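Undergrad: what shape does this take:
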Amino acid sequence: MRHFTLIFLIFFCASLVYGQELPSDKIEEAVASYEAKIEQATTLVDCGHALDGPAYFLKQMENSWLDAMLLVASDSKNSIGSEIYANFKRLNSIDTNHNLYPKVQEVLKNLLKHTSVKSTVYRLNILKSEEINAFATLGGYLYVTSGLLEFVDSYDELAFIIGHEIAHEERLHTQRKVTKLTLLSDIENLTRMEGFTDIAKKINSTFSAPFDQIDEYEADKNGFDLAKAAGYDTTKFADFFKKLEKNQQQDLLKKLTSTHPFAEHRKKCIANYISQK
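TA: From the prediction side, this is the model:
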């Protein structure tokens with residue numbers, strides 16, 4: 001009864017915030033899967049921040065609501081992703097002659113043999129940027145920066161990062177964020193697709209943190225499983241976070257305003273995944 005009451009309150013609060021009623025079937029579906037999600041959230045209690053457990057449950061409720069509000073058709077996804085790609089091309093930001101390009105494509109090919117959604121066509125591009133970054137856009141477009149390729153120390157580490165970005169697409173993280181931004185900017189025209197591209201370009205901005213940090217944990221877990229299935233060394237997956245951790249300051253304000261969890265907690269979660277075998 002306590003769990004059901006919590007779910008009801010979360011849905012009620014979400015309805016107030018977004019100004020929409022939630023479909024009853026979605027509420028029933030969320031209640032039915034709630035107990036199963038408790039076990040998943042336990043991992044964050046063991047290795048994450050104190051705020052991550054409560055944020056996890058709130059995020060699941062928000063996801064159910066977003067999925068009920070707007071379905072982004074496949075052709076619209078591809079249109080959004082292709083336009084963002086075309087913009088990078090116009091800016092001459094894509095490096096097709098990078099010396100690691102063949103190896104990066106090889107890593108992607110190895111990972112794709114183990115993806116659960118076979119219908120998505122993934123396109124991995126290297127951006128000319130010293131920034132240490134990787135991200136995914138709608139339509140299966142994946143990007144890593146040349147700065148990231150210089151930062152990683154092994155293809156095992158890179159495989160985990162690329163697997164993480166694939167997970168953002170497969171777990172609908174990018175689609176939901178675009179949906180959320182669309183609903184809040186054009187609440188009276190839920191079914192219109194105009195303006196989606198402009199909104200999609202903002203998906204990497206800070207938005208409803210720390211709840212979007214849960215997407216990062218989920219992408220880490222799915223990226224871990226994907227890279228492991230492809231035969232990469234799991235002991236190397238946390239190297240990225242070990243390096244980031246050295247220069248990362250932790251405080252409550254940063255936790256509440258960042259879209260990404262602290263590197264220390266992500267590193268600990270990966271250690272948990274390894275120990276679970």
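
Undergrad: and residue 117, which of the three is it?
TA: At residue 117, secondary structure determined by DSSP: H, G, I helix; E, B strand; the rest coil is coil.

Undergrad: that one - how many residues pack around it?
TA: 12 (other CB atoms under 10 Å). Every residue, glycine included, has its C-beta placed from N, CA and C.

Undergrad: so how far is residue 171 from it?
TA: If you measure residue 117 against residue 171 using CB to CB, to the nearest Å, the figure is 10 Å.

Undergrad: can you tell me the closest non-neighbouring residue to residue 112?
TA: If the residues on either side of it in the chain are set aside, residue 112 comes closest to residue 122, at 6.3 Å by CB to CB, 6 or more residues apart in numbering.

Undergrad: quick one: neighbours of the one you found, just the number.
TA: Residue 122 has 19 neighbours, counted by other CB under 10 Å.

Undergrad: check residue 270 too.
TA: For residue 270, the neighbour count with other CB under 10 Å is 24.

Undergrad: not counting sequence-adjacent ones, nearest residue to it?
TA: Residue 270 sits nearest to residue 238 (CB to CB, 6+ apart), 4.3 Å away.

Undergrad: show the backbone phi and psi for the one you found.
TA: Here is the backbone geometry of residue 238 (degrees, to the nearest 10): phi -90, psi 0.

Undergrad: quick one: it and residue 271 touch, right?
TA: Yes - at 6.7 Å, residue 238 and residue 271 qualify as touching, with contact defined as CB atoms under 8 Å.

Undergrad: and the two? Which one has more around it.
TA: residue 238 (23 against 16).

Undergrad: OK, contacts around the more buried one?
TA: In this structure, residue 238 makes contact with 266-267, 270-271, judged by CB atoms under 8 Å, 6 or more residues apart in numbering.

Undergrad: okay, now the closest residue to residue 107 other than its chain neighbours: neighbour count?
TA: Beyond its immediate neighbours in the sequence, the residue positioned closest to residue 107 (CB to CB, 6+ apart) is residue 159, lying 5.1 Å away. Look at residue 159: counted by other CB under 10 Å, it has 27 neighbours.

Undergrad: tally of neighbours for residue 232?
TA: For residue 232, the neighbour count with other CB under 10 Å is 23.

Undergrad: and it, helix, strand or coil?
TA: coil.

Undergrad: I figured it hits residue 156, correct?
TA: Yes - contact between residue 232 and residue 156 holds when scored by CB under 8 Å: they sit 4.3 Å apart.

Undergrad: residue 230 is in contact with residue 158, isn't it?
TA: No - in this structure, residue 230 sits apart from residue 158 without contact. The criterion is CB under 8 Å, and the distance is 11.6 Å.

Undergrad: please identify which of those two sits among more neighbours.
TA: residue 158 (25 against 21).

Undergrad: spatially nearest residue to the more buried one, not counting backbone neighbours?
TA: residue 152 (4.9 Å).

Undergrad: do a quick rundown of the strands in the stretch 1-150 of the chain.
TA: Along the stretch 1-150 of the chain, the segments classed as strands by DSSP state E, counting those that start in this stretch run 123-127, 134-137, 141-145.

Undergrad: which one of the ones you listed has the poorest average confidence?
TA: Among the strands of the stretch 1-150 of the chain, strand 134-137 has the lowest mean pLDDT, at a mean of 89.

Undergrad: starting from it, tell me which strands it pairs with and how they run.
TA: Its sheet considered, strand 134-137 pairs with strand 141-145 (antiparallel) by DSSP bridges.

Undergrad: what's the closest non-adjacent residue to residue 236?
TA: Beyond its immediate neighbours in the sequence, the residue positioned closest to residue 236 (CB to CB, 6+ apart) is residue 156, lying 3.6 Å away.
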